[in-house]
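Asker: With the input below, show me the fold.
(2 chains)
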Amino acid sequence: MQQDGLILELQNGNQKAFERIYELYSESVFGIIYSIVNDQKIAEEILQDVFMKIWENASSYNSSKGRFFTWILNIARNASIDQLRSKGHKNRQKNLKAENFVDILESSSNFSSKTDAIGIQKYIDILKPVCKKLIDLLFFKGYTQKETAEELKMPLGTVKTRNRACINQLRGILVEK
Amino acid sequence: MDINEYIESGILELYVYGALTEAESLEVSTALKKHPEILKEVEEIEYALRRLSSSIAPYNPEALLAAITAKLTAKNAKIRTLDTSTTKSRRTNWVAWIGWAACLLFIVGLFFMIGDNNNLREQLTKEKAKNAKFEQQIADARDDKENAEELLAVIRDKNVSKIPLGGQTVAPDAFATVYWNKKENRAYVDAKDLPEPPRGKVYQVWSLKLDPLTPTSIGLLADFVDDENKIFELSNANESEAFGITLEPEGGSKAPTMEQLYVLGQVTATP
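Answerer: Numbering: from 1, shown residues only, chains lettered A, B, ... in the order given. Okay, the predicted model is just below:
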């Protein structure tokens, strides 16, 4: 899945590789950003910045530290959180009632990936509340295992195993399709 | 290592999230390089997560790629302009050299100016000295003029009688004039035509009574050589009938040395 050759070419400054990377990751990165900033226009701005950073800092990615997808995730989360902070109080207000990915999915009638939408919605329907929280914090908000355990008042090991179960459900639905 | 147990622990999901510590992530990275089963599991988790996050994107942002590449191109262009600005800095080096050269020229010029200035100052001092000298001369001339006017006033005074003194045996060509203001008891002796007295000698002026011949000294022509107009002012309260000038030893004599009588003149009867 992770194309090491493609990443190497990106690191060498190959623009075609960059375009392919964009194709592969932009939509999911857009989703992550949107889940944090909750504003389509702002999310578009951040998405552009994130991919410019990917292009400019590609050489700093090191596969022994983690997945390329994870590296991109961190850039996207940090850029989104920076944006929220810089926008100050007015938007923090908005942030308080910030929806998690579930709320976004439920309220949105306009899905990006129509084919997935039905499956994912089915997934949301059967998802336990604890799974919603775990995935929201760990995946969308970028909490560490320790931070999540503290937030949900859950032992560290339980975070790991519970989350594994939640993801297995998701994978099951995607395979089912 | 029990690979199955490792997978089931749920650490791989956290690895993909980026929720592990750096050390834990490093560990997983090493494990998945060794075990294809772990790599496969990680890729499946990643795929599911990408599908999940994609599903909440407002739309597929394919169209934004063009904007991003445009921005990157613009930025690269900027970088290229920065590159050319380094060649520009080589040009500024030349500018700097020219600047230094100009500076050097300026300093050299400055030294010339300082030299020039010193010359001018010297000249100015000279001119000032010259000027002072001229001023002194003007002042002197003014003084002379005043003196002359004074003398003229003396001569023109209606109370003044003019007594010419003619040359005697020792100096037939000698000549002198006494201007005598009887009222103010002053006598002015014009001794312009007397020869210079020898060293150690001085002219003495005598007022004479003729019958009997009684000489009375009225003074010496002091500093005869240095006196420019050779006019000497003396006081004479005598009822003079004649005036004579004799050459006497320095300091003068009580009685005139008649052998050294230079000039002599009789006072004409006053009207």
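Asker: how does chain A divide into domains?
Answerer: Under the assignment automatic domain parsing, the domains of chain A span A:1-98, A:100-177.
Asker: These: lowest mean pLDDT?
Answerer: Sorting the domains of chain A by mean pLDDT places domain A:100-177 lowest, at a mean of 81.
Asker: Tell me how far it lies from the chain's centre.
Answerer: In terms of Cα atoms, centre = their mean, to the nearest Å, the centre of domain A:100-177 is set 11 Å apart from its chain centre.
Asker: Rebuild the domains of chain A as TSV, extending it with mean neighbour count and distance to B:Leu32.
Answerer: In short, each C-beta sits where N, CA and C put it, glycine included. Formatted as TSV, the domains of chain A follow (neighbours: other Cβ atoms under 10 Å in any protein chain shown; distance: least, Cβ to Cβ, whole Å):
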stretch	mean neighbour count	distance to B:Leu32
domain A:1-98	18	9
domain A:100-177	17	16
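Asker: Select, out of those, the one closest to B:Ser240.
Answerer: Among these, domain A:1-98 comes nearest to B:Ser240, with 125.8 Å by Cβ to Cβ.
Asker: follow-up on the earlier one: output the domains of chain A in a markdown table; the columns should cover distance to chain B.
Answerer: Below are these laid out as a markdown table (distance: least, Cβ to the nearest Cβ, whole Å):
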| stretch | distance to chain B |
| --- | --- |
| domain A:1-98 | 4 |
| domain A:100-177 | 3 |
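Asker: among these, which is nearest B:Ala176?
Answerer: domain A:1-98 (119.8 Å).
Asker: Now look at the helix or strand that contains B:Ala102 and say if it contacts chain A.
Answerer: In this assignment (DSSP states H and E), B:Ala102 forms part of helix B:64-156. Yes: for helix B:64-156, a contact with chain A is found by Cβ under 8 Å from any Cβ of the partner chain, at B:64-65, B:67-69, B:71-72, B:75.
Asker: among those residues, which ones are buried?
Answerer: For the residues of helix B:64-156 next to chain A, a burial check counting by 16 or more other Cβ atoms under 10 Å in any protein chain shown picks out B:64-65, B:68-69, B:72.
Asker: Which residues are in contact with A:Phe140?
Answerer: Applying Cβ atoms under 8 Å, 6 or more residues apart in numbering or on different chains, we find A:Phe140 in contact with A:32, A:35-36, A:100-101, B:53.
Asker: what packs against the helix ranked longest in chain A?
Answerer: In terms of residue count, the longest helix belonging to chain A (DSSP state H) is helix A:15-37. Under the contact criterion of 3 or more Cβ pairs under 8 Å, 6 or more residues apart in numbering or on different chains; DSSP states H and E, helix A:15-37 touches helix A:4-11, helix A:40-57, helix A:68-87, helix A:101-107, helix B:36-55, helix B:64-156.
Asker: Measure how the last one sits relative to helix A:15-37, angle-wise.
Answerer: The one in question is helix B:64-156. Angle, helix B:64-156 to helix A:15-37, by axes from the mean of the first three to the mean of the last three Cα atoms, to 10 degrees: 90 degrees.
Asker: and if you look at the fifth one?
Answerer: Counting by the same axes, to 10 degrees, helix B:36-55 lies at 60 degrees to helix A:15-37.
Asker: and helix B:36-55, how far from the chain's centre?
Answerer: Going by Cα atoms, centre = their mean, the spacing between the C-alpha centre of helix B:36-55 and its chain's C-alpha centre is 91 Å.
Asker: touching chain A at all, that helix?
Answerer: Yes: judged by Cβ under 8 Å from any Cβ, helix B:36-55 and chain A are in contact via B:42-55.
Asker: Can you give the contact residues for that helix?
Answerer: For helix B:36-55, contacts defined as Cβ under 8 Å, 6+ apart pick out A:1-2, A:25, A:27-32, A:35, A:67, A:69, A:101, A:105, A:111-113, A:116-117, A:120, A:135, A:139-140, A:167, A:170-171, A:174, B:3, B:6-7, B:12-13, B:15-17, B:28, B:31-33.
Asker: Quick check: which ranges of chain B have low pLDDT?
Answerer: Across chain B, the ranges flagged by pLDDT under 70 are B:78-92, B:269-271.
Asker: Which parts of it belong to which domain?
Answerer: Domain ranges of chain B: B:3-57, B:159-266, per automatic domain parsing.
Asker: Highest mean neighbour count out of the ones you listed?
Answerer: Highest mean neighbour count of those: domain B:3-57, a mean of 19 (counted as mean count of other Cβ atoms under 10 Å in any protein chain shown).
Asker: Leaving out chain neighbours, which residue sits closest to A:Tyr25?
Answerer: In space, and not counting its chain neighbours, A:Tyr25 is closest to A:Ile72: 5.6 Å by Cβ to Cβ, 6 or more residues apart in numbering or on different chains.
Asker: residue contacts, the one you found?
Answerer: Contacts here follow Cβ under 8 Å, 6+ apart; on that basis A:Ile72 touches A:25, A:29, A:50, A:54.
Asker: any chance of the residues you listed in a markdown table, with distance to A:Gly13 too?
Answerer: Below are those laid out as a markdown table (distance: Cβ to Cβ, whole Å):
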| residue | distance to A:Gly13 |
| --- | --- |
| A:Tyr25 | 18 |
| A:Val29 | 21 |
| A:Val50 | 18 |
| A:Ile54 | 12 |
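Asker: List just the nearest of these to B:Trp94.
Answerer: Nearest to B:Trp94 among the contacts of A:Ile72, counting by Cβ to Cβ, is A:Ile54 at 41.8 Å.
Asker: Show the contacting residues for the residue most central in space within chain A.
Answerer: Closest to where the C-alpha atoms of chain A average out (Cα atoms, centre = their mean) is A:Ile32, at 3.6 Å. For A:Ile32, the contacting residues are A:73, A:76-77, A:80, A:140, B:53, by Cβ under 8 Å, 6+ apart.
Asker: Farthest pair within those?
Answerer: For the contacts of A:Ile32, the farthest-apart pair by Cβ to Cβ is A:Ser80 and B:Ser53; their separation is 12.4 Å.
Asker: Mind checking which residue lies nearest the centre of chain B?
Answerer: Geometric centre of chain B, nearest residue: B:Arg121, 6.9 Å, by Cα atoms, centre = their mean.
Asker: how close does it sit to B:Ala129?
Answerer: 13 Å (Cβ to Cβ, to the nearest Å).
Asker: Residue in the stretch 151-271 of chain B with the shortest distance to chain A?
Answerer: Residue nearest to chain A within the stretch 151-271 of chain B: B:Glu228 (103.9 Å; Cβ to the nearest Cβ).
Asker: if we can go back for a sec, from the residues of helix B:64-156 next to chain A, pick the one nearest B:Val170.
Answerer: For the residues of helix B:64-156 next to chain A, the minimum distance to B:Val170 (Cβ to Cβ) is 123.8 Å, reached by B:Lys75.
Asker: contacting residues around the closest one?
Answerer: Listed by Cβ under 8 Å, 6+ apart, the contact set of B:Lys75 reads A:Met52.
Asker: What of B:Gly252?
Answerer: For B:Gly252, the contacting residues are B:202, B:204, B:217, B:220, by Cβ under 8 Å, 6+ apart.
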